[in-house]
Structures are given as C-alpha cells and as structure tokens.
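# need coordinates for the below:
(one chain, ligands or ions: 1)
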Amino acid sequence: MLPARFVRFITILCICASAQNVFSQTPARKQRIIIAASTVLDGKGGVQHDTHIVIEDSKIVDIDPKAGPVDYDLRGMTVLPGWIDAHVHITWFFGKDGKFAGGGGTPEEAAYAAASNAWLTLMAGFTTVQNMGSPITMRDTIAKGMLPGPRILTAIDPLTGRGEKTGTPDEIRAYVRKQKAAGADLIKIYASGGMLQGSMTLSQEQLNAACDEAKKQGLRTLVHAYRDAVRGATIAGCTQVEHGLGATDDDLRLMAERGTYFDPQAGLLLENYLLNKAKYAGTPFYPATEEGFDVFQKILPMNHELIKRALKIPGLKIVFGTDAVAGAHGRNAEELIDRVRDCGVDPMAAMVSANSLGAEALGMSDQIGAIAPGLQADMIALDGDPLKDITAVRRVVFVMKGGIVYKNVARGAIPAYAGVQP
Ligand SMILES: [Zn+2]
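Numbering: from 1, shown residues only. Predicted structure coming up:
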C-alpha cells in the first residue's frame, strides 16, 4: 500500500497536470472561465454577494451575475484575491542531516528544495511573494509557467551594513546599480543588528545613498531595521521597513507621514523557530543550543505590543510579510491568524494587507491585489469565512494564478504542507 502522504502528493500532482493551459503560454484562442461565488472579498475591503467572475486568459474581464456557463462553482466558499507575502526566504530549507541549510547543500538539493517551497507557498494561497535572496532562475522559470509557484519578485545580494566597511556613499550607489543590472526587483538592506540590541549598521549618509540610488533606478528598498534604524530608513526615503522592534510612537508616526510601508511580524517567524529549534540550533547566526531559543518566547509578546501600537497610528500602512524561513513555507497564512488573534488586527484589514495594500507596496496595484476587471486572475477560495473565523485561512481549497487553476480540492482536504513538512 502506498503511504497516505504519497497518495496525497500524487493526487495533487494530478490536479496540477489537469489544470488548463499549464504548459501553453500562448493559447491559440481566448480561453474563457466563469467562476460562481456567493461571497467575494474584493481585496480592497469590499464584499460582493452572489456573482460570477469572468476570466479570459490570464485576466479578470468582468464581474457579472448573469455571465455563463459556470466552469467552477465556488458558492459556499469565500473567494478573494491570491495573497501577497512581502517577505520570504523561499530558497531556505532543512538539509539531509535535518539541520537548517540556508539555501546551501548541493545545487541539486537546493533547486528541488526551493521548487518545493514555491509549490507549498502557492498551494497555501500565496500567488505573489517578495523574496529576499536570489532565485532569479526560479523566478523566471515560474513566470514562464514551467514550474508551479507564486509570482516572485526578488532581491539579489543584500546590502549588509558593516559601518564604514560597507563603503562610501558613491560605492553604495554603484552596488545598487550592480543589483539592478543583475535583474533585481528590489534592494534588501540590513541597517541594524539583532532583535534586542545593537545600533544602526549604516550611517544616515550611507542609508540615504542606498535608498536614493534605488529610487533613481526604479527599485524599491526593503530595510531590515530595529530601534533607531527605523527612523533612519524613514528619513532616507526607503520604501518599506521590515520587523521594526524598538520603534517608538514618534518613529511610527513619521513612517505614516512619509508613506513608508511597515512590515512587522506577529508570530509565525518566531513560532517556527521554537517549533524547529532542534533543526536551527548550532547553525550559523542561530543560538548554539535549544535552550538558547527561549529568548524568542520572550520576544513574541514584544512583537504583539509593537503591532498593537502600530494599529493606533493613523495612516500607517501595515503590509503583510511573514519572513518565511525553512519550516514556514506553506504555512504563511499562520501569520494572518497571529495578527488577528494576538494583536487585535481587524480580519478585513488583515486580508487587505495581503491583497490591495500589499500590491500597492509592490507598485503593482494595476496588476494584482484585487478582484476587478483588468487585473490578473489571481484568486483563491477558502472553506469558511475569515471575517468570522480567521482560521479559515488554513483551508485554501482553490488557487488560480494568472487564469490557471493550480488547486481545486474538496472541503476538508488536508493542507499540502501537512504531508510534506511540519
Ligand atoms: Zn527575512
């Protein structure tokens, strides 16, 4: 008898293989698909009832309750735009010895692991992610439709602050231009040290140069920042602040004033470290022993407090990013639950943060993040109503990306990650 998880894997493969147009990127004639839905969250905070969504090729072309015939009947589910995760490390995995391998291992292991992470992420309802590493080939392979995965925007090599050693402002500008030439969609900047201590690792002048040059090159900047680096990144005109522990109310207000996007993490990242501490312990940049991970338990409530405070700042744009690392791929939606359950985020605001607001932060509002004519047909369906029960985000039963159906399973189907990794 085949092991149950193997059967599930085969079943899912068959669903992928039977999805229309997976391998054909230039269909000879327009393909029209009509989805019937009883509840549609439009991604911008609106709700529509009892309607039909019309898709031609990769785009939504109409929303019309009279359109027919219906190809997919998703009545009884909640239909919404595919989610956007603003911060993932999609190449990171656990190696053969069970230990965290970063994006390392042999090229073959690394490639299969990254492809698996991409597939798990898509099955979990995330149709676009922003990656902090450099899977340029994977990004382009997925974009061509040769590999199932979310649409990927990616940084290549990060700019890691090392004080004066980072370089002069001119050298930093040249580094940013080099990233652009290599095909980066964004620049990742490390502007501060650890979660609990350490000051800025780039001077204000260096940070100004990095974010200004990126802007000139048409690239967005995502800044890993704690404490004083939050203000520094905001003053430098960087696009988005990641993490943000130690930010004061004044820092948060300044971000709101300047339109800087904020991407704090409520729980998944640290919960995942605690769940997998045996696999992370003793690997580079992580505590040497499992006991060393106790500190993350103490930091969790500090993150909740930060988000609760951020929610009170008028106009602050809080986007959705999980910082998904090995063990968290495919469980990205847990962060939505954490934000609602532990931080008091309104469930609709949580959905919007991973839909239209996320798209705005990527500069892609005209392409993704909402269910509206002219936009990409990136759509998911949940078995349940996330506005009443946020845990419905775990029950993704339908995934369409760019008009292609990658998942269409029965209610109660076991999430893909349950059969593949913890
Ligand atoms: Zn990260």
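
# just give the nearest non-adjacent residue to residue 82, would you?
Computed as C-beta to C-beta, 6 or more residues apart in numbering, the closest residue to residue 82 that is not its neighbour in sequence is residue 127, at 2.8 Å. Where you see a C-beta, it was placed from the backbone N, CA and C, and this is true even at glycine.

# what's the answer for residue 401, then?
Using C-beta to C-beta, 6+ apart, the closest residue to residue 401 is residue 127 (4.5 Å).

# point out where the protein drops to low pLDDT.
1-29, 418-422 (pLDDT under 70).

# quick check: the residue nearest to residue 401 is in a strand.
Yes - Residue 127 forms part of a strand when assessed by DSSP: H, G, I helix; E, B strand; the rest coil.

# what about it, neighbour count?
Using other C-beta atoms under 10 Å, residue 127 has 26 other residues around it.

# likewise for residue 282?
14.

# which SS state does the one residue sitting closest to the centre of the chain fall under?
Nearest to the geometric centre of the chain sits residue 85, at 1.5 Å (C-alpha atoms, centre = their mean). Going by three-state DSSP, the secondary structure assigned to residue 85 is strand.

# from here on, count from 565
I'll keep to 565 as the first residue from here, and by that count the last item is residue 649.

# doesn't residue 918 make contact with it?
Yes - with contact defined as C-beta atoms under 8 Å, residue 649 counts as touching residue 918 (7.2 Å).

# so residue 926 makes contact with residue 692?
Yes - counting by C-beta under 8 Å, residue 926 does reach residue 692; the two are 7.3 Å apart.

# those two: which has the busier surroundings?
residue 692 (27 against 24).

# hey, what's the more buried one bridged with?
Per DSSP bridges, residues listed as beta-bridge partners of residue 692: residue 648, residue 715.

# for it, give its distance to residue 652.
10 Å (C-beta to C-beta, to the nearest Å).

# show me where the stretch 715-864 of the chain has strands.
Secondary structure of the stretch 715-864 of the chain (DSSP state E, counting those that start in this stretch): strands located at 715-718, 723-724, 750-754, 784-789, 804-807, 825-827.

# hmm, who's touching the third one?
Pointing back at strand 750-754 there. Applying C-beta atoms under 8 Å, 6 or more residues apart in numbering, the external contacts of strand 750-754 come out as 694, 696, 717-719, 722-725, 740, 743, 765-766, 771, 774-775, 778, 783-788, 797, 802-803.

# in stretch 739-752, what's buried?
739-740, 743-744, 748-752 (16 or more other C-beta atoms under 10 Å).

# cool, stretch 792-807 as well?
792-798, 800-807.

# quick one: end-to-end distance for it.
This stretch, stretch 792-807, spans 12 Å end to end (C-alpha to C-alpha, to the nearest Å).

# next up, the contacts around the nearest residue to residue 755 once chain neighbours are set aside.
Distances taken as C-beta to C-beta, 6+ apart put residue 793 closest to residue 755, at 4.2 Å, once the chain neighbours are dropped. Residue 793 is in contact with 755-756, 763-766, 787, counting by C-beta under 8 Å, 6+ apart.

# most widely separated two among the residues you listed?
Using C-beta to C-beta, those span at most 14.5 Å, a distance reached by 763 and 787.

# hmm, back to that, spit out the residues that contact residue 926 and residue 692 alike.
648, 717, 932.

# picking that back up, would you mind measuring from the residue nearest to residue 755 to residue 779?
When distance is defined by C-beta to C-beta, residue 793 is 18 Å away from residue 779.

# identify the residues contacting stretch 818-827?
By C-beta under 8 Å, 6+ apart, stretch 818-827 touches 650-651, 786, 794-795, 797-799, 801-808, 811, 816, 874, 877-885, 925.

# at 7 Å what do you get?
650-651, 795, 798, 802-806, 808, 874, 877-883, 885, 925 (C-beta atoms under 7 Å, 6 or more residues apart in numbering).

# those residues in helices, which ones?
Counting by DSSP state H, these place 795, 798, 874, 925 in helices.

# closest one of the residues you listed to residue 896?
Using C-beta to C-beta, the ones in helices among the contacts of stretch 818-827 come closest to residue 896 at residue 925, 16.1 Å.

# tell me the contacts of residue 755?
Residue 755 neighbours (C-beta under 7 Å, 6+ apart): 725, 764-766, 771, 787-789, 793, 796-797.

# hmm, try it at 10 Å
723-725, 730, 764-768, 770-771, 774-775, 785, 787-790, 792-794, 796-797, 800, 802, 805-806 (C-beta atoms under 10 Å, 6 or more residues apart in numbering).

# common neighbours of residue 649 and residue 918, please.
Joint contacts of residue 649 and residue 918 (C-beta under 10 Å, 6+ apart) are 689-690, 692, 883-886, 896-897, 899.

# farthest-separated two in these?
689 and 883 (16.6 Å).

# higher neighbour count, these two?
Looking at residue 689 and residue 883 with other C-beta under 10 Å, you find the greater number of neighbours at residue 689, namely 31 against 24.

# that older thread, surely the residue nearest to residue 646 meets residue 645?
Yes - under the criterion of C-beta atoms under 10 Å, residue 691 makes contact with residue 645 at 7.8 Å.

# so what sits against both of the two?
932-933, 940-944.

# the residue nearest to residue 611 when sequence neighbours are not counted - how many residues pack around it?
Nearest residue to residue 611 in three dimensions, chain neighbours excluded: residue 605, at 5.9 Å (C-beta to C-beta, 6+ apart). By other C-beta under 10 Å, the residues close to residue 605 number 25.

# brilliant, that's me finished.
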